[in-house]
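K.L.:
How does the following fold in three dimensions:
(2 chains)
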Amino acid sequence: MAEAMHHEGEHHSNTVRLLGREITVEGGVYTVVFGALAVLTVIEVVSAEVLNGAIHDAPDAATTLQAIKAILLLGIAIIKSSLVIWFYMHLKTESRLIAIVILLPLLIAGLSIMFLLAIPPSGYGL
Amino acid sequence: MAELTASHLPAAAHDDHGHMSEEEHNNNMKLGVWLYLASEIVIFSIMIVGYIIFRINEKDIVAQAHEELGVGLVTANTFVLLASSFFMVMGLRAMQGGNRAGMLRWIGLTALGGIVFLGGQYIEYSELAHLGIVLGFDTASEWSTFGMRFYAPTFFHGAHVFVGVLWALEVMRRGAKGRYDNNPIGIEMFGLYWHFVDVVWIMLFTLIYLV
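P.N.:
Numbers count the residues shown, from 1 in each chain, chains lettered A, B, ... in the order given. You can find the predicted model right below:
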């Protein structure tokens, strides 16, 4: 998304390359990331409200619209989380070991969630 | 990203007495915080999956809860927490640039953001209690099953914000004495924790209030 002009001085550079253009802003890449987080949050809330209205107006398509809403909003949330982890928590410049330390429990948690979701609401009748 | 190991520094990283270099010490401190955060992921995942299963099986109760909850206050609170994460990283940036006063100002704003967030959460909980959305021990209440699924992850997160505020104040106290002038690792460790709390809220906000 945004790239610092000089990698070594990335944390202290006020100039970033954004969508092919160089911009200078106090705080550099950190300010750009905060702006992206704010815009994505607004998009999230507005999308949820619009889709809630659509679900209310078209109950026949509620299941489909609900699925679209869940995928869209969770996708945005994952992008926002990744921005914070990559830029603010500096995973971008950390060792691969730290990436593994954080990705492994996420993978295990994700697999566990899928297994739990596969259990029917009524259980297995044991 | 760099090499696979955190302690991949050459043997020269230790001095003649076997003491670690500052860089190796910092890498080990950061790895310790990341490992702690990994354990937190598992704890929050349990609460989140509990809510997701409830969300799938009790669509009507959740739809009704969404109407009661609203998104105005919690959206404002989300912006406050996102801003506090920005303040945090700017505080670290200031200290890395040798600007102690700037660091104190940014970390102070971070703590203030956490306090405002907790204030917003207190107002929200008060309104929900007034509506009858409580912890769920009253099985006769229509909200009996929702309350625990809602309060468990949000309160646990709020407790983390509270700890973060205390940690921020401690960082300010130490920073004011010049503790981080030569090595800001203490600020970076607090930053990892604070940003993680922000990431958890990003997911909770979407899952509980929007989806």
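
K.L.:
for whatever helix or strand B:L118 lives in, packing partners?
P.N.:
With elements delineated by DSSP states H and E, B:L118 resides in helix B:100-130, which encompasses its position. In terms of contacts (3 or more CB pairs under 8 Å, 6 or more residues apart in numbering or on different chains; DSSP states H and E), helix B:100-130 is packed against helix B:59-69, helix B:72-96, helix B:144-176, helix B:185-204. Every C-beta, even on glycine, is put in place using the N, C-alpha and C of the backbone.

K.L.:
taking the mean pLDDT, what do you get for stretch B:151-167?
P.N.:
Model confidence over stretch B:151-167, given as mean pLDDT, is 96.

K.L.:
residue ranges of the helices in chain A, please?
P.N.:
Using DSSP state H, the helices of chain A run over residues A:29-57, A:62-83, A:96-117.

K.L.:
closest one to A:H90 among these?
P.N.:
When those are compared by CB to CB, helix A:96-117 sits nearest A:H90, at 9.3 Å.

K.L.:
Determine whether any part of that closest one lies close to chain B.
P.N.:
Yes - Helix A:96-117 comes into contact with chain B when judged by CB under 8 Å from any CB of the partner chain, the residues involved being A:96-99, A:101-102, A:104-106, A:108-109, A:112-113, A:116-117.

K.L.:
Now that helix - C-alpha only, PDB.
P.N.:
Output in PDB follows, covering the C-alpha atoms of helix A:96-117 (Å, rounded to 0.1, in the frame of the first residue of the first chain):
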ATOM      1  CA  ARG A  96      10.900 -14.800  10.300                       C
ATOM      2  CA  LEU A  97      10.900 -16.500  13.700                       C
ATOM      3  CA  ILE A  98       8.600 -13.800  15.000                       C
ATOM      4  CA  ALA A  99       6.300 -14.100  12.000                       C
ATOM      5  CA  ILE A 100       6.100 -17.900  12.700                       C
ATOM      6  CA  VAL A 101       5.500 -17.200  16.500                       C
ATOM      7  CA  ILE A 102       2.400 -15.100  15.600                       C
ATOM      8  CA  LEU A 103       1.200 -17.000  12.500                       C
ATOM      9  CA  LEU A 104       1.300 -20.500  14.100                       C
ATOM     10  CA  PRO A 105      -1.300 -19.800  16.900                       C
ATOM     11  CA  LEU A 106      -3.400 -18.000  14.300                       C
ATOM     12  CA  LEU A 107      -3.300 -21.000  12.100                       C
ATOM     13  CA  ILE A 108      -4.100 -23.400  15.000                       C
ATOM     14  CA  ALA A 109      -6.900 -21.100  16.200                       C
ATOM     15  CA  GLY A 110      -8.300 -20.900  12.700                       C
ATOM     16  CA  LEU A 111      -8.300 -24.700  12.300                       C
ATOM     17  CA  SER A 112      -9.900 -25.100  15.800                       C
ATOM     18  CA  ILE A 113     -12.600 -22.600  14.900                       C
ATOM     19  CA  MET A 114     -13.400 -24.500  11.700                       C
ATOM     20  CA  PHE A 115     -13.700 -27.800  13.600                       C
ATOM     21  CA  LEU A 116     -15.900 -26.200  16.200                       C
ATOM     22  CA  LEU A 117     -18.200 -24.700  13.600                       C
END
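
K.L.:
mind listing what's buried in it?
P.N.:
A:97-99, A:101-102, A:105, A:109, A:113 (16 or more other CB atoms under 10 Å in any protein chain shown).

K.L.:
Can you give me the neighbour number for A:W86?
P.N.:
For A:W86, the number of neighbouring residues by other CB atoms under 10 Å in any protein chain shown comes to 15.

K.L.:
How many residues are close by the closest residue to it other than its chain neighbours?
P.N.:
With CB to CB, 6 or more residues apart in numbering or on different chains as the measure, A:K92 is the residue that lies nearest to A:W86, at 5.1 Å, once sequence neighbours are left out. Number of residues near A:K92 (other CB under 10 Å) recorded here: 15.

K.L.:
roughly how far out does the helix-or-strand element of chain B with minimal mean pLDDT sit from the chain middle?
P.N.:
Ranking every helix and strand in chain B by mean pLDDT, DSSP states H and E puts helix B:59-69 at the bottom, with a mean of 79. Mean C-alpha position of helix B:59-69 versus that of the full chain (CA atoms, centre = their mean, to the nearest Å) differs by 26 Å.

K.L.:
From the contact counts, what lies against it?
P.N.:
Judged by 3+ CB pairs under 8 Å, 6+ apart, helix B:59-69 is in contact with helix B:100-130, helix B:144-176.

K.L.:
Dump the ones you listed into TSV; add mean neighbour count as well.
P.N.:
Shown next, in TSV, are the helices and strands packed on helix B:59-69 (neighbours: other CB atoms under 10 Å in any protein chain shown):
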stretch	mean neighbour count
helix B:100-130	18
helix B:144-176	18
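
K.L.:
Go through the ones you listed and name the closest to B:A63.
P.N.:
Comparing the helices and strands packed on helix B:59-69 against B:A63 with CB to CB, the closest turns out to be helix B:144-176 (11.0 Å).

K.L.:
so B:R149 sits right up against B:I52, yeah?
P.N.:
No - in this structure, B:R149 sits apart from B:I52 without contact. The criterion is CB atoms under 8 Å, and the distance is 9.5 Å.

K.L.:
Local confidence estimate at A:Y88?
P.N.:
In this model, A:Y88 is scored at 95, pLDDT.
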